[in-house]
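Trainee: Next come a sequence and a model predicted from it.
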Amino acid sequence: MHELGITQNIVAIVSEQAKGVSVKRVTLEIGKLSAIMPDAIRFCFDICCQDTILEGAILEIIETEGRGKCRHCEQEIELSQPFGQCDRCNSFDLDIIQGQELQIKEMEVEELCV
């Protein structure tokens, strides 16, 4: 399960960016063609957050659809797998233009009043 290592890295990056301030929410963007299972990330998140400034944080995951662009006719098509066939010219020569993302989109930290 490579999602455990990915989740550990996400927690480390968010912790570093938060600079010691408690994190309340993390939003990730995961593409449906990325070979990363959102449910596995959710499962690992609480475990990886224990004893860190992310403990108790809410994880939100936005899943992006797969999209490809034909190299021959430039038609854009939806992809449910990292390959496909153009609806217009039947070519299999496609570039993936969306759906392989793994990004930390946002993090919400606790506001400190002094």
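Mentor: Noted; the coordinates are in hand.

Trainee: isn't Arg25 right up against Met107?
Mentor: Yes. Contact criterion Cβ atoms under 8 Å: Arg25 and Met107 qualify, at 6.9 Å. Heads up, the C-betas are built off the backbone N, CA and C, glycines and all.

Trainee: which stretches of this protein aren't confidently modelled?
Mentor: With pLDDT under 70 as the threshold, the chain has low-confidence stretches at 1, 112-114.

Trainee: Can you tell me the closest non-neighbouring residue to Ser22?
Mentor: Glu110 (4.2 Å; Cβ to Cβ, 6 or more residues apart in numbering).

Trainee: center of this structure, which residue is that?
Mentor: Centroid-nearest residue in the chain: Ile30, 2.5 Å away (criterion: Cα atoms, centre = their mean).

Trainee: The strand or helix carrying it pairs with which strands?
Mentor: Here Ile30 sits within strand 23-31, counting by DSSP states H and E. Using DSSP bridges, the strands paired with strand 23-31 are strand 58-64 (parallel), strand 102-109 (antiparallel).

Trainee: Okay, now stretch 86-94: how far is its last residue from its first?
Mentor: End-to-end span of stretch 86-94 (Cα to Cα, to the nearest Å): 8 Å.

Trainee: ditto for stretch 30-43
Mentor: Using Cα to Cα, one end of stretch 30-43 lies 15 Å from the other.

Trainee: Sort out which residues of it are buried, please.
Mentor: Judged by neighbour count using 16 or more other Cβ atoms under 10 Å, the buried positions of stretch 30-43 are Ile30, Gly31, Lys32, Leu33, Ser34, Ile36, Pro38, Ile41.

Trainee: my guess is the fourth one contacts Glu63, does it?
Mentor: No. No contact is recorded between Leu33 and Glu63 when judged using Cβ under 8 Å, the distance being 10.4 Å.
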